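Student: I need the structure of the sequence given here:
(one chain, ligands or ions: 1)
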Amino acid sequence: MAHESTFTPGNRLSKWFDDRLPIERMMHDQFGVFPMPRNLNYLWTFGGILTFFLVVQLLTGIVLAMHFVPHETMAFDSVEHIMRDVNWGWLMRYMHANGASMFFLAAYIHIARGMYYGSYKAPREILWILGVLIFVVMMATAFMGYSLVWGQMSFWAVTVITNLFSSLDSIIDGLGTTIVQWIWGGFSVGNPTLNRLYSLHYLLPFVICGLVVLHIWALHIPGSNNPTGIDIKTKSDSIPFTPYYTVKDGFAMCVFVMLFAAFVFYAPNYLGHPDNYVEANPLATPPHIVPEWYFLPYYAILRAIPDKLFGVIAFAGSISLLLFLPWLDTSKVRSTRYRPIYKWFFALFMIDVVVLGYLGAKPPEGWYLIIGRLATAYYFAHLLLVLPLLGWIEKPSAMPGSITDDVLGKKPAGAK
Ligand code: HEM
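Tutor: Next comes the predicted model:
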């Protein structure tokens, strides 16, 4: 990767390996002495937290798969069997279900951090795009995992979401319906659907692992951004990753795991929906079909638009637009800290996403629908108008000369 290696093998065995497969050298260079900005705050610990939860999901998922039966007549009962009969099965399942929520919570904080500090800007565009791809695959994986329980919400969520493809019928007659039936493997959601969702739910986490390796590789070429958005200029601006950030990341991980444990042990079903404890019934549609909390903002965008096809386009657009953030944002400074006007728009965008999330859980009628449309309009206006235009107009506030100046509290040139 980007920096000269400083590794020297400590003994003959280490030298023998180093000449053949230099893993120890790679770990030393990339996670031992790797130069990090000295001013990172706790928002920079979420990448490590995400890595931790990826491992938790893989390990608990592999154990669950040993007992789960992917058949429409047995899936729901096999989950109950895991909960009641399998040793520690309840723990594996509650860790996996709540682990998904923690994973998304950490991902949202990680993304918001990237947006606030302009971490997507050059030279970190590919790192950011890989992040968005990870996010999309995470969403697909979580959706498929939820379906496997084969409860009422699972079944009807799959029916609603797969049916979105039928909106293509309005472009070419019959195209959408053909795609939907191809996905289902029949004329409704059923056993073939469950089997393919299970197969993909097991496959996609490994795709995420591959993308995460590329993500961290792409991070270690320019190195981390930091709260000032100013690059490392001198040696005093940086500190080695170990021990400083291994300890800081480890501490943050412990605190986050306490929140995770609080859910797993004290409120394991708080984030779920009671209807998913009712076995799937194709003859009874629940009155309100709601996805898991982490999909609610997108669900609100989907439902804000009366036309099915345009709703789907808005839903897909709300996520894929993130890929273009590095080019939509025209500001010359990275960090929002030095953007006096954008700061307020950023806060409004965060509130907007929370409001969308709230509305996603409400029926799309009356005031909920009107506010949902306004919030959807602001979501797109923020990305397509505020980011490109404000960058041209706004005058950044005075910035410190370097990371060290900022840490030492030296007044920026021109500051009062
Ligand atoms: C499985 C999910 C993910 C994992 C394991 C992961 C891992 C990491 C790690 C370990 C770092 C370095 C530590 C840090 O800056 O927090 C990082 C940085 C970063 N990640 Fe992720 N990430 C994930 C998802 C995402 C997503 C969804 C995005 C954006 C859409 C994203 C964007 C970024 C950016 C821009 C940085 C650089 C931050 C900076 O240097 O300021 N990541 N990621």
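
Student: wait, doesn't residue 133 sit right on residue 211?
Tutor: Yes. If you go by Cβ atoms under 8 Å, residue 133 and residue 211 touch, sitting 5.8 Å apart. (Each C-beta comes from the backbone N, C-alpha and C, glycine too.)

Student: enumerate every residue touching the residue sitting nearest the centre point of the chain.
Tutor: Centroid-nearest residue in the chain, with Cα atoms, centre = their mean: residue 107, separated by 3.7 Å. Neighbouring residues of residue 107 by Cβ atoms under 8 Å, 6 or more residues apart in numbering: 50, 135, 138.

Student: the host helix or strand of it: what's the following helix or strand?
Tutor: For residue 107, the enclosing helix or strand under DSSP states H and E is helix 89-116. Using DSSP H and E, the next helix or strand after helix 89-116 towards the C-terminus is helix 125-148.

Student: and the angle for the helix holding residue 107 with helix 125-148?
Tutor: Angle, helix 89-116 to helix 125-148, by axes from the mean of the first three to the mean of the last three Cα atoms, to 10 degrees: 150 degrees.

Student: low pLDDT regions in the protein?
Tutor: Low-confidence segments of the chain (pLDDT under 70): 1-3, 413-416.

Student: how is it partitioned into domains?
Tutor: Residue ranges for each domain of the chain read 18-289, 290-397, as given by automatic domain parsing.

Student: out of those, which gets nearest to residue 406?
Tutor: Residue 406 lies closest to domain 18-289 among the domains of the chain, at 5.0 Å (Cβ to Cβ).

Student: what about that closest one, how long is it end to end?
Tutor: With Cα to Cα, to the nearest Å applied, domain 18-289 spans 56 Å between its terminal residues.

Student: how about it and the ligand, touching?
Tutor: Yes. With Cβ under 6 Å from any ligand atom as the measure, domain 18-289 is seen reaching the ligand through 44, 46-48, 50-51, 54, 107, 110-111, 114, 117, 119-120, 124, 127-128, 131-132, 134-135, 208, 212, 215-216, 219, 224-225.

Student: need the distance between the two termini of stretch 379-389.
Tutor: 15 Å.

Student: any buried residues in that stretch, and which?
Tutor: Of all the residues in stretch 379-389, those buried under the rule 16 or more other Cβ atoms under 10 Å are 379, 382-383, 386-387.

Student: ok, stretch 358-371 next?
Tutor: Applying 16+ other Cβ under 10 Å to stretch 358-371 flags 358-360, 362, 364, 368-369, 371 as buried.

Student: same question, stretch 221-238
Tutor: Going by neighbour count (16+ other Cβ under 10 Å), the buried part of stretch 221-238 is 223-230, 232, 237-238.

Student: next, count neighbours for the closest residue to residue 240 other than its chain neighbours.
Tutor: Distance criterion Cβ to Cβ, 6 or more residues apart in numbering; nearest residue to residue 240, sequence neighbours excluded, is residue 33 at 4.8 Å. By other Cβ atoms under 10 Å, 15 other residues sit near residue 33.

Student: what's the answer for residue 50, then?
Tutor: A count of nearby residues for residue 50, using other Cβ under 10 Å, gives 22.

Student: ditto for residue 155
Tutor: As a burial measure, residue 155 scores 30 neighbours (other Cβ under 10 Å).

Student: does it touch residue 280 like I think?
Tutor: Yes. Counting by Cβ under 8 Å, residue 155 does reach residue 280; the two are 3.5 Å apart.

Student: let me know the closest of the buried residues of stretch 379-389 to the ligand.
Tutor: Nearest to the ligand, judged by Cβ to the nearest ligand atom, of the buried residues of stretch 379-389 is residue 383 at 13.3 Å.

Student: what kind of secondary structure is the closest one in?
Tutor: Following DSSP: H, G, I helix; E, B strand; the rest coil, we place residue 383 in the helix state.

Student: skipping its backbone neighbours, what lies nearest the closest residue to the ligand within the stretch 101-250 of the chain in space?
Tutor: Nearest to the ligand, among the residues of the stretch 101-250 of the chain, is residue 131, at 2.3 Å (Cβ to the nearest ligand atom). Of all residues not flanking residue 131 in the chain, residue 215 sits nearest, at 6.1 Å (Cβ to Cβ, 6+ apart).

Student: spell out which parts of the stretch 301-416 of the chain neighbour the ligand.
Tutor: For the stretch 301-416 of the chain, the contact set with the ligand under Cβ under 6 Å from any ligand atom is empty.

Student: circling back: what's the closest of the buried residues of stretch 379-389 to residue 86?
Tutor: Closest to residue 86 out of these is residue 379 (42.9 Å), distances taken as Cβ to Cβ.

Student: I'd assumed residue 355 was in contact with that closest one.
Tutor: No. The criterion here is Cβ under 8 Å, and residue 379 misses it with residue 355 at 9.8 Å.

Student: all strands of the protein, in order?
Tutor: Listed in chain order, the strands of the chain (DSSP state E) span 35-37, 238-240.

Student: what's the most buried one of these?
Tutor: strand 35-37 (a mean of 19; mean count of other Cβ atoms under 10 Å).

Student: packing partners for that strand?
Tutor: Where contact means 3 or more Cβ pairs under 8 Å, 6 or more residues apart in numbering; DSSP states H and E, strand 35-37 is packed against strand 238-240, helix 241-266.

Student: recalculate using a threshold of 7 Å.
Tutor: When contacts are defined as 3 or more Cβ pairs under 7 Å, 6 or more residues apart in numbering; DSSP states H and E, strand 35-37 sits against strand 238-240.

Student: contacts for the strand it packs on, please.
Tutor: Surrounding strand 238-240, the residues in contact under the criterion Cβ atoms under 7 Å, 6 or more residues apart in numbering are 32-38, 232.

Student: let's see 6 Å
Tutor: When contacts are defined by Cβ atoms under 6 Å, 6 or more residues apart in numbering, strand 238-240 is touched by residues 33, 35-36, 38, 232.

Student: stretch 333-351 now?
Tutor: So stretch 333-351 is in contact with 116-118, 121, 228-229, 382, 386, 390, 394, 396-397, 399, going by Cβ under 6 Å, 6+ apart.
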